[in-house]
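A.B. asks: here is a sequence with its predicted model. Questions after.
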Amino acid sequence: MARINLLPWRAERRKQREREFYMMLGASALAAVLVFLGATYWMGQRIDNQTARNNYLDKQIKDLDVKIEKIKDLEKTRSQLLARKQIIEDLQSNRSQMVHLFDQLAKTIPNGTRLTSLKQANDVLTLEGLAESSTRVATYMRNMENSPQMGRSDLAKIESKEGTPGVDKKMPNVFSLSLKLKKPDDAQNSTEMPLPQTPGANAATPPKPAVDIGAQLNDAASQLTAKPAPAPPAAPAPAKAEEKKP
């Protein structure tokens, strides 16, 4: 005998498919949530790792900034030490320059000229003074140009103050000139300064030979210390004739 199923199997199958669908949908949603949570956790770990790396880099950058500041301070100190060293070397090389300069100032100034002011800025020397005439100033400038310690001189002004109160009547001309000092190396390589010529002297007259004072002193000392020559023997006195006895 055949069995006939009169139950609504299509409705039950439909319900079963709906249950399977909702179960698959829930599993998919759960899997999506798990994937989202896993991705969020992984991304958080990546962010934390990158943040830690960034913090480490920031710390290293700060340490490098501190070291750079120290290096800058060391470079500044080095520059100051080099500047001091250069000043000391300049003073060492120019320690005798002032002595030679004053010596040359005394040797080059001609008669009828007097200095009233002396200023030096680096290697430029400014001189102010009085002179009898402009010829004296020209002679002074020529003597300074021939000096081994002085260079080219430039005349700033020269004017006559004759009749002005407070000015020497014998030296009425006020002058001002500037000159550039030579370096010690240039001064050593330069030739000796010729003797200053007196203004008004005849140029055709040959110069007198220089007197070697040291040689004269040596000759005088040798004459004083030389032993005196022995005196010649005295001639014998003539014998007197003997008186004859009686």
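C.D. replies: Ah, there it is.
A.B. asks: what comes up buried for the helix or strand where F102 lies?
C.D. replies: Per DSSP states H and E, F102 falls inside helix 97-108. Residues of helix 97-108 classed as buried: 97, 100-101, 104-105, 108 (neighbour count, 16 or more other Cβ atoms under 10 Å). Bear in mind the C-beta positions are built from the backbone N, C-alpha and C, glycine included.
A.B. asks: partner strands of the helix or strand that comes right after that helix, parallel or antiparallel?
C.D. replies: Counting by DSSP H and E, the next helix or strand C-terminal to helix 97-108 is strand 113-121. Taking DSSP bridges as the criterion, strand 113-121 sits next to strand 124-131 (antiparallel) in its sheet.
A.B. asks: as a whole number, average confidence for the partner strand?
C.D. replies: Strand 124-131 carries an average pLDDT of 87.
A.B. asks: what's the answer for stretch 107-117, then?
C.D. replies: So the average pLDDT for stretch 107-117 ends up being 85.
A.B. asks: change the start of the numbering to 588 and stick with it
C.D. replies: Will do, 588 is the new start, and the previous item becomes stretch 694-704.
A.B. asks: ok but K757 is inside a strand, no?
C.D. replies: No: the assignment for K757 (DSSP: H, G, I helix; E, B strand; the rest coil) gives coil, which keeps it out of a strand.
A.B. asks: what angle separates the helix holding F689 from strand 700-708?
C.D. replies: Following axes from the mean of the first three to the mean of the last three Cα atoms, to 10 degrees, one obtains 160 degrees for the angle between helix 684-695 and strand 700-708.
A.B. asks: mind giving me the packing neighbours of helix 684-695?
C.D. replies: helix 721-732, strand 737-747, helix 771-776 (3 or more Cβ pairs under 8 Å, 6 or more residues apart in numbering; DSSP states H and E).
A.B. asks: can I get the buried residues of helix 684-695 in JSON lines including distance to T703?
C.D. replies: Output for the buried residues of helix 684-695, formatted as JSON lines (distance: Cβ to Cβ, whole Å):
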{"residue": "Q684", "distance to T703": "23"}
{"residue": "H687", "distance to T703": "22"}
{"residue": "L688", "distance to T703": "17"}
{"residue": "Q691", "distance to T703": "18"}
{"residue": "L692", "distance to T703": "13"}
{"residue": "T695", "distance to T703": "16"}
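A.B. asks: tell me which of the helices and strands packed on helix 684-695 is the most buried.
C.D. replies: Sort the helices and strands packed on helix 684-695 by mean neighbour count, taking mean count of other Cβ atoms under 10 Å, and helix 721-732 sits at the top with a mean of 19.
A.B. asks: using PDB, list the CA coordinates for it.
C.D. replies: The C-alpha trace of helix 721-732 is given here as PDB (Å, rounded to 0.1, in the frame of the first residue of the first chain):
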ATOM      1  CA  SER A 721     105.900 123.000   2.600                       C
ATOM      2  CA  THR A 722     109.400 122.000   1.400                       C
ATOM      3  CA  ARG A 723     110.000 120.500   4.900                       C
ATOM      4  CA  VAL A 724     106.800 118.400   4.600                       C
ATOM      5  CA  ALA A 725     107.800 117.200   1.100                       C
ATOM      6  CA  THR A 726     111.200 116.200   2.400                       C
ATOM      7  CA  TYR A 727     109.600 114.400   5.400                       C
ATOM      8  CA  MET A 728     107.300 112.500   3.000                       C
ATOM      9  CA  ARG A 729     110.200 111.500   0.800                       C
ATOM     10  CA  ASN A 730     112.200 110.300   3.800                       C
ATOM     11  CA  MET A 731     109.300 108.200   5.000                       C
ATOM     12  CA  GLU A 732     108.800 106.600   1.600                       C
END
